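In: Turn this into a model:
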Amino acid sequence: MVDRLRENPCHGAAAGKWSTPSHDDVASDIWPWEWSRDHSWLYGIPAVVFTGGFLAAASTGMASLVQAGYLTSSMLCIASLSGLGSQATARQGNALGILGVGLGILSSLLAVSFPPALLAWFAGVATIGGTIGTIIDCRIMATELPQMVAALHSVVSLAAVLTSIGSVLADPSHLSTLHLVTAYLGVVIGGITSSPNCTATAVIHTETY
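Out: Predicted structure coming up:
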């Protein structure tokens, strides 16, 4: 805006009227670095503080802390879905989702006391998943987002199925009725939601191309 007025100061007069530049137009010309700066990293401050306090409290042997971590993780994920429902709050929803999933992983590792073998498996799987996610992020186009979301939803549903089956096979000798019921529901619900998402991915991809 400032550059256009400097190049042609009579631009407004020639058009018969003067248009007052908005505050955002002027500010983006004068301080473009300030207007385009992303402050999402500030969510990391409470995340680090909470993680430190969580681990410190866990070292004292608080048995109910893991369940509190699961509950907080669920609330953060629900808040994330709410934030992702609007473009204006999408960044906030994304940050809350990262915090919720991270806390869920931390609580799960805390429940088994951080065994070195499990940590090695987790590091390897997280590296593979992060690499695949980075490749997809670099190659995906805006027009391909619908089928990508449907495909990722099918992967999440498949993960629920495999997790439910694995929880039963891990220790069949100590299964309770509640455990069997929850595992059954996880397999059924995960399977039901995975199939339509796979179909939606194929249909959207076919119609797009």
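In: Show me where the chain dips below the pLDDT cut-off.
Out: 1-40, 61-64, 205, 207-209 (pLDDT under 70).
In: who are the neighbours in contact with the most centrally placed residue in it?
Out: Against the mean C-alpha coordinate of the chain, by C-alpha atoms, centre = their mean, the closest residue is residue 97 at 4.1 Å. Applying C-beta atoms under 8 Å, 6 or more residues apart in numbering to residue 97 gives the contacts 76, 77, 80, 81, 83, 84. In this view, the C-beta of every residue, glycine as well, is placed from N, C-alpha and C.
In: Can I have the buried ones of these as a ChimeraX selection?
Out: A single ChimeraX command selects the buried members of those (16 or more other C-beta atoms under 10 Å):
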select :76,77,80,83,84
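In: quick one: which of the contacts of residue 97 is nearest to residue 103?
Out: residue 76 (6.6 Å; C-beta to C-beta).
In: which parts of the helix or strand harbouring that closest one are buried?
Out: Using DSSP states H and E, residue 76 falls within helix 65-84. Of all the residues in helix 65-84, those buried under the rule 16+ other C-beta under 10 Å are 65, 66, 69, 72, 73, 76, 77, 79, 80, 83, 84.
In: What lies in contact with it?
Out: 54, 57-58, 89-90, 92-94, 96-97, 99-101, 103-104, 106-107, 110-111.
In: and if we set it to 6 Å?
Out: Identification of contacts with helix 65-84 by C-beta atoms under 6 Å, 6 or more residues apart in numbering yields 57-58, 89-90, 92-93, 96-97, 99-100, 103-104, 107, 110-111.
In: Just those: which are in strands?
Out: Within the contacts of helix 65-84, no residue falls in strands by DSSP state E.
In: Give me the buried subset of the residues you listed.
Out: Listed as buried from the contacts of helix 65-84 are 58, 92, 93, 96, 97, 99, 100, 103, 104, 107, 110; burial here means 16+ other C-beta under 10 Å.
In: The nearest residue to residue 66 once chain neighbours are set aside and residue 105: what is the separation?
Out: Distance criterion C-beta to C-beta, 6 or more residues apart in numbering; nearest residue to residue 66, sequence neighbours excluded, is residue 111 at 4.8 Å. Separation of residue 111 from residue 105 (C-beta to C-beta, to the nearest Å): 11 Å.
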